[in-house]
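In: Need coordinates for the below:
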Amino acid sequence: MIKRRLVGGILSLVVACWELFMACYYYQGYHRLYLWMDGSTTDVEPSLISMLKTYKGLSILYSFHAVLALVVGIIFLATCKKQPVKWFEYTLFGVMFVHFVFVMMPGIFDRASNADTGLLVFTAIIQFFCYLLGAPGAKGFKDFPFKSKEDAHSEKSLDKLTKLKELLDSGAITQEEFDQEKKKIWK
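Out: Alright, predicted model coming up:
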């Protein structure tokens, strides 16, 4: 079992719960403010309209972050006992990196003065570090290196040999046929 991945998955799920809570909080604030304005944005102070847009935007962003953290957490928990596959791990890293660069970096530099968006940025940075905790290194994990093509080939070979042995035991093939097929498989 890959304990780092398990802990990263659990922490990602905790972050997802926090982000879902925050998405509901900001949606509720948006909804209350919209009802307070009687559903109309005409003849309303520009600061209230700005606040309405901020609440709606934060609700959507927190929802997006929550879904991403939920997916990463589930993937980490589902794969904490399996040997990592390089293409899948690199794809997951690419998604998290693009998320960090294009969503969080502008927020860090442009919107960090606002306490609401500063909290969003902080939460997303925690989410990224939870991902890094459960992500494999360049060669995989210490006890679980990346799966190689030889590993996949040997698993298929073992399956074929097991089926051939069953055929030999049932009398469907002779010992000579078994030996010939075994040589073909091990080439």
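In: Wait, F128 touches V95, no?
Out: No - in this structure F128 lies outside contact range of V95 using CB atoms under 8 Å: 11.3 Å. C-betas here are computed from N, CA, C, even on glycine.
In: which of these two has more neighbours?
Out: Remark: of F128 and V95, F128 carries more neighbours, 18 against 14, as counted by other CB atoms under 10 Å.
In: how many neighbours does the spatially closest residue to that one that is not a sequence neighbour have?
Out: Using CB to CB, 6 or more residues apart in numbering and skipping residues adjacent in sequence, the residue nearest F128 is F100, 5.2 Å away. For F100, the neighbour count with other CB under 10 Å is 16.
In: what do you get for G118?
Out: 14.
In: per-residue pLDDT, S63?
Out: You'll see S63 listed with a pLDDT of 91.
In: what about it, helix or strand, and which?
Out: Here S63 is covered by helix 46-78, with elements defined by DSSP states H and E.
In: and that helix, which residues are buried?
Out: By neighbour count with 16 or more other CB atoms under 10 Å, helix 46-78 contains the buried residues 52, 54-56, 58-59, 61-63, 65-66, 68-70, 72-73, 75-77.
In: try stretch 135-149
Out: 135-136, 140-141, 144, 146-147.
In: S40 belongs to a helix, doesn't it?
Out: No - assigned with DSSP: H, G, I helix; E, B strand; the rest coil, S40 falls outside any helix and is coil.
In: picking that back up, how about the buried residues of stretch 135-149 in JSON lines, adding pLDDT and distance to A115?
Out: Below are those laid out as JSON lines (pLDDT from 0 to 100; distance: CB to CB, whole Å):
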{"residue": "A135", "pLDDT": "86", "distance to A115": "30"}
{"residue": "P136", "pLDDT": "87", "distance to A115": "36"}
{"residue": "G140", "pLDDT": "80", "distance to A115": "41"}
{"residue": "F141", "pLDDT": "79", "distance to A115": "39"}
{"residue": "F144", "pLDDT": "73", "distance to A115": "42"}
{"residue": "F146", "pLDDT": "75", "distance to A115": "42"}
{"residue": "K147", "pLDDT": "70", "distance to A115": "45"}
